[in-house]
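[1] just coords:
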């Protein structure tokens, strides 16, 4: 897809991963201006250019795809065709590095309250915890959001065992990647920043002798009763 | 990875996608014998062979990864190293074809009660519906499971609007792929089989003039209040 476009639009670090070539203009923008960035792409497309908007991971999972559709609600862009190409998302890479922690039913949430109220985040965390779903957490913290991980941890501990398995993936997919396996009680919220993705296990999630994490496909609760 | 192994083990249709070459033995097995299949792979590895276990989609998401760890709990296999490689999962491909339906928080569930009681499936469906998460449903039906989609639909309708957007992906990623956009009320449960993946929208999920489906990153509820 990238070979076929005249423009690449996206957050700077992602745009910079696209090799420069003749006939390609790269438009790098700052973080948290997703809709402005999408409008730039749509304006270029409206002018007859072929444009790719890039995200890290899967553009459809907390990436640029929804922002492009949001911007495209403006009637001016009604004729612009949009095609989404899937990619490998952070939860999949962290899960694979850890073993098979999302081997059962799971939920994927952003912990950011930039676009939704914290009360809704809490409601969803509670629902996921009560339903014993594995939970992958994107955007756990940022420079300006420093309390959400501790708040989520306290909330989850009301419903989940302290020894619930937690996987912390940091910079996964890069040279400096690291993986930490801990528990919900021992999770050090102050160590989590924007480079981390968390996977909170279900009741059945376990750690092998070799330190790998997996969640049985069968439900722990049914096994206990059978 | 496949170029480096002496054996490929998996469900027949997936094994058959791996091109035959000298020095490679392909072990195709039937469906629903995941742990037997995993044991075969572990036995081969224990004998010093290099083995790949293949799944469709992402082996870590309702694929073979968890089954391999399940079989590897047997102490006989304690020394066998296991490495998981992520792949593109059905939910991502269906989502990309549709637009950006999983652009907000979402859950991923298997509707099969082969490995967990139906009561737990119902509990999770209810929690996901009440928390207004987008829901991707794997394994909605099979030859022997023909009532789950209608049951899930009835349950979801207790918590979600009848006009909730529903995406049905069938055979996605293959030549005969098709995509249907409908609503929770109009979903024809009898049309769903094992080749389908469903995405049930959240309250904010919408359809564009061009028929594409997307879920805003912002929460509908917060917008209504602001």
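    Done, it's in. In this text the structure is predicted, and so the values were computed from the model without any measurement.
[2] Just the pLDDT for the residue positioned nearest the centre of chain A.
    Residue closest to the mean C-alpha point of chain A, counted by CA atoms, centre = their mean, is residue A:138 at 3.9 Å. In the prediction, the pLDDT value recorded for residue A:138 is 97.
[3] Identify the residue spatially nearest to residue A:201, adjacent ones excluded.
    residue A:165 (3.7 Å; CB to CB, 6 or more residues apart in numbering or on different chains). Heads up, the C-betas are built off the backbone N, CA and C, glycines and all.
[4] Now do the strands in chain A.
    Taking DSSP state E, the strands of chain A run over residues A:7-11, A:25-29, A:51-54, A:99-100, A:106-110, A:134-138, A:165-170, A:178-183, A:196-200, A:206-207, A:213-214.
[5] Can you name every helix or strand that the fifth one contacts?
    Just to be clear, that refers to strand A:106-110. helix A:118-130, strand A:134-138, strand B:106-110 (3 or more CB pairs under 8 Å, 6 or more residues apart in numbering or on different chains; DSSP states H and E).
[6] burial of residue A:31, as a residue count?
    For residue A:31, the number of neighbouring residues by other CB atoms under 10 Å in any protein chain shown comes to 11.
[7] picking up where we left off before, wait, the residue nearest to the centre of chain A sits on residue A:195?
    No: with contacts counted by CB atoms under 8 Å, residue A:138 stays clear of residue A:195, the gap being 11.6 Å.
[8] coming back round to it: including distance to residue B:80, could the helices and strands packed on strand A:106-110 go into a markdown table?
    Shown next, in a markdown table, are the helices and strands packed on strand A:106-110 (distance: least, CB to CB, whole Å):
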| stretch | distance to residue B:80 |
| --- | --- |
| helix A:118-130 | 33 |
| strand A:134-138 | 24 |
| strand B:106-110 | 27 |
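[9] closest one to residue A:62 among these?
    strand A:134-138 (5.0 Å; CB to CB).
[10] quick one on the thing from earlier: so which of the helices and strands packed on strand A:106-110 is nearest residue B:21?
    For the helices and strands packed on strand A:106-110, the distance to residue B:21 is smallest for strand B:106-110, at 33.7 Å, taking CB to CB.
[11] and for that closest one, what are the contacting residues?
    Outside strand B:106-110, the residues within contact range by CB atoms under 8 Å, 6 or more residues apart in numbering or on different chains are A:102, A:104-108, A:128, A:133, B:61-62, B:91, B:121, B:124-125, B:128, B:133-139, B:202, B:215.
[12] cool, and stretch A:163-178?
    Stretch A:163-178 is contacted from outside by A:90, A:93-95, A:97-98, A:101, A:156, A:179-187, A:191-192, A:195-203, A:205-207, A:213, using CB under 8 Å, 6+ apart.
[13] cool, stretch A:119-131 as well?
    Under the contact criterion CB under 8 Å, 6+ apart, stretch A:119-131 has outside partners A:107, A:109, A:111, A:113, A:135, A:148, A:151-152, A:155-156, A:158-160, B:105, B:107, B:123-124, B:126-128, B:130-133, B:219, B:221-222.
[14] That one: which residues count as buried?
    A:120-121, A:124-131 (16 or more other CB atoms under 10 Å in any protein chain shown).
[15] How about stretch A:131-147?
    Neighbour-count burial for stretch A:131-147, with 16+ other CB under 10 Å as criterion, is recorded at A:131-141, A:145.
[16] can you check stretch A:26-46 too?
    A:26-27, A:34, A:37-42, A:44-45.
[17] Rounded mean pLDDT for it, please.
    Predicted confidence along stretch A:26-46 averages 94 (mean pLDDT).
[18] Pull the number of nearby residues for residue A:159.
    Here the count is done by other CB under 10 Å, and residue A:159 has 15 residues near it.
[19] Need phi/psi at it.
    The phi/psi pair for residue A:159 (degrees, to the nearest 10) reads phi -120, psi -20.
[20] what sits against it?
    The neighbours of residue A:159, taking CB under 8 Å, 6+ apart as the test, are A:126, A:129-130.
[21] Switch those over to JSON lines; also include pLDDT.
    Rendered in JSON lines, the data for those read as follows (pLDDT from 0 to 100):
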{"residue": "A:126", "pLDDT": "98"}
{"residue": "A:129", "pLDDT": "97"}
{"residue": "A:130", "pLDDT": "96"}
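[22] Closest one of these to residue B:10?
    Ranked by distance to residue B:10 (CB to CB), the contacts of residue A:159 are led by residue A:129 at 34.2 Å.
[23] now that closest one, nearest residue through space, not along the chain?
    For residue A:129, ignoring the flanking residues on the chain, the nearest one in space by CB to CB, 6+ apart is residue A:159 at 3.7 Å.
[24] how about the buried residues of stretch A:131-147 in CSV, adding distance to residue A:72?
    As requested, the buried residues of stretch A:131-147 are exported to CSV (distance: CB to CB, whole Å):
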residue, distance to residue A:72
A:131, 34
A:132, 38
A:133, 32
A:134, 33
A:135, 31
A:136, 28
A:137, 29
A:138, 23
A:139, 23
A:140, 29
A:141, 30
A:145, 28
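[25] Pull the most distant pair out of those residues.
    By the measure CB to CB, the buried residues of stretch A:131-147 have their two most distant members at A:132 and A:145, which lie 26.9 Å apart.
[26] ok, which stretches of chain A are helices?
    A:12-15, A:34-46, A:65-71, A:90-98, A:118-130, A:148-157, A:220-225 (DSSP state H).
[27] Which of these has the lowest mean pLDDT?
    Here the helices of chain A differ in mean pLDDT, and the lowest is helix A:220-225 at a mean of 43.
[28] picking that back up, for residue B:132, see how far away the residue nearest to the centre of chain A is.
    From residue A:138 over to residue B:132 the distance is 17 Å, taken as CB to CB, to the nearest Å.
[29] now do residue A:84
    Taking CB to CB, one finds residue A:84 at 23 Å from residue B:132.
[30] Then residue A:189?
    As it turns out, when the distance is counted by CB to CB, residue A:189 lies 26 Å from residue B:132.
[31] Next: residue A:36.
    Remark: distance between residue A:36 and residue B:132 (CB to CB) = 27 Å.
[32] Then residue A:124?
    Counting by CB to CB, the gap from residue A:124 to residue B:132 is 8 Å.
[33] mind giving me the domain split of chain A?
    For chain A, automatic domain parsing gives the domain ranges A:2-77, A:90-214.
[34] Single out the most deeply packed of those domains.
    Mean neighbour counts were compared across these using mean count of other CB atoms under 10 Å in any protein chain shown; the top stretch is domain A:90-214, at a mean of 19.
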